[in-house]
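Peer 1: The amino acid sequence is not available; the structure is as follows:
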């Protein structure tokens, strides 16, 4: 409930800035904070501040943009513009995230979260291997024969790619299940022909490192940071979900 109240106040504040009440619709306020931001952002290197004339020019440029924005919005020119929609949505998203306050987790909470997410900290099993570019099976077998006899072309040598420390869990997505299974079944340091989803390769498995499980104590600080990020994201999307509840959404087929 507290977040809903905070979010409601936030939305009201944003709306008050972007959509002032009718009686003040023509009022544009250049605040002291805004004036200072113009000064602070004038020179990235912070070597000098703007002159009075330069500051006045920046302020008048901003006022002109604000007038154009309001007039354009009143005419509805922002409707259907995905760039404007995404930009406004992104800024509101940042504001919502900035309002989220997440307390430190208890030891019990953090340990329970780590138990459910330890895979994010474990070192996965990985392999290192070489492979030639994809081709048809006959060409791949000819290349294998050339490589075994050390007669391969210089061009093929340059095209042969070294893949180092590649997690085994990522192989299937890139090369296909069959390639992964064949690679893992190969003896090390021996060239062979293997089919991936892109074609046939000549492959040599050079290393295979088993995965290691992370201990809670060794990654506690990192886990706390990721827990905080996850919890912030979860609470922010819960806030968006509460906003969504006030809308009737129709999905046309």
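Peer 2: Okay, I see it. In this text the structure is predicted, and so the values were computed from the model without any measurement.

Peer 1: Tell me where the protein has strands.
Peer 2: Listed in chain order, the strands of the chain (DSSP state E) span 126-131, 161-167, 191-196, 199-209.

Peer 1: Worst mean pLDDT across the helices and strands of the protein, which element?
Peer 2: Across the helices and strands of the chain, mean confidence by mean pLDDT, DSSP states H and E is lowest for helix 2-18: a mean of 46.

Peer 1: Would you mind listing where the stretch 1-150 of the chain has pLDDT under the threshold?
Peer 2: The model of the stretch 1-150 of the chain has pLDDT under 70 over residues 1-25.

Peer 1: List the contacts of stretch 196-209.
Peer 2: Residues outside stretch 196-209 that contact it (CB atoms under 8 Å, 6 or more residues apart in numbering) are 125-137, 139-141, 143-144, 147, 160, 165, 175-176, 178-179, 182-184, 186-195. C-betas here are computed from N, CA, C, even on glycine.

Peer 1: and stretch 222-234, average pLDDT?
Peer 2: Averaged across stretch 222-234, the pLDDT comes to 94.

Peer 1: Could I get the buried residue list for that stretch?
Peer 2: Judged by neighbour count (16 or more other CB atoms under 10 Å), stretch 222-234 contains these buried residues: 223, 226-227, 231-232.

Peer 1: Among those residues, which lie within helices?
Peer 2: 223, 226-227, 231-232 (DSSP state H).

Peer 1: how about the nearest residue to residue 169 once chain neighbours are set aside, phi and psi?
Peer 2: With sequence-adjacent residues excluded and distances taken as CB to CB, 6 or more residues apart in numbering, residue 169 is closest to residue 124, at 5.6 Å. Torsion angles at residue 124 (phi, psi; degrees, to the nearest 10) stand at phi -70, psi 160.

Peer 1: need the contact list for residue 124.
Peer 2: Contacts of residue 124 by CB under 8 Å, 6+ apart are 167-169, 211.

Peer 1: now it: how far from residue 210?
Peer 2: For residue 124, the distance to residue 210 equals 10 Å [CB to CB, to the nearest Å].

Peer 1: what's the spacing between the closest residue to residue 165 other than its chain neighbours and residue 209?
Peer 2: The shortest distance from residue 165 to any non-neighbouring residue, by CB to CB, 6+ apart, is to residue 126 (4.9 Å). Counting by CB to CB, the gap from residue 126 to residue 209 is 5 Å.

Peer 1: what do you get for residue 50?
Peer 2: 57 Å.

Peer 1: Then residue 138?
Peer 2: 34 Å.

Peer 1: now residue 241
Peer 2: Using CB to CB, residue 241 is found at 42 Å from residue 209.

Peer 1: Which one of those two is surrounded by more residues?
Peer 2: Between residue 241 and residue 209, residue 209 has the larger neighbour count (other CB atoms under 10 Å), namely 14 against 9.

Peer 1: Show the pLDDT at that one.
Peer 2: In this prediction, residue 209 carries a pLDDT score of 95.

Peer 1: and if you look at the one 4 residues further on?
Peer 2: The score at residue 213 is 93. That number is its pLDDT.

Peer 1: I figured it hits residue 118, correct?
Peer 2: Yes: with contact defined as CB atoms under 8 Å, residue 213 reaches residue 118; the gap is 6.9 Å.

Peer 1: Cheers, nothing more for now.
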